[in-house]
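> Provided below are the primary sequence and the corresponding predicted coordinates.
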Amino acid sequence: MRRKAFKNHLLEHKKTSRKNDLSQKSVVKDCDADNVSAMMPYS
């Protein structure tokens, strides 16, 4: 699981539906799983 990008700043001009969609969690793809686990500090 991971958070989606682009919901840290400049939120005034984004629509509410888009912000709600960005708030949902997303599943890490299999091809990126090794890179994500290498970036985690305590894995």
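Okay, I see it.
> alpha carbons only for contacts and neighbour counts from here, please
Will do.
> ok, which stretches of this protein are strands?
Ranges of strands in the chain, per DSSP state E, are 2-3, 25-26.
> of all those strands, which lies closest to residue 34?
Closest to residue 34 of the strands of the chain, according to C-alpha to C-alpha: strand 2-3, at 13.7 Å.
> that older thread, residue 38 is nearest to which of the strands of the chain?
strand 2-3 (14.1 Å).
> Quick one: distance of the closest one to the chain centre.
Average the C-alpha atoms of strand 2-3, do the same for its chain, and the two points are 4 Å apart (C-alpha atoms, centre = their mean, to the nearest Å).
> Relative to it, what are the paired strands and their orientations?
strand 25-26 (antiparallel) (DSSP bridges).
> which residues are contacting the partner strand?
Applying C-alpha atoms under 8 Å, 6 or more residues apart in numbering, the contact partners of strand 25-26 are 1, 2, 3, 4.
> tell me the average confidence for that strand?
Across strand 25-26, pLDDT averages out at 94.
> do stretch 35-43 as well
87.
> One more: stretch 8-19?
95.
> and that stretch, how far out from the chain's middle?
Worked out by C-alpha atoms, centre = their mean, stretch 8-19 lies 14 Å from the chain centre.
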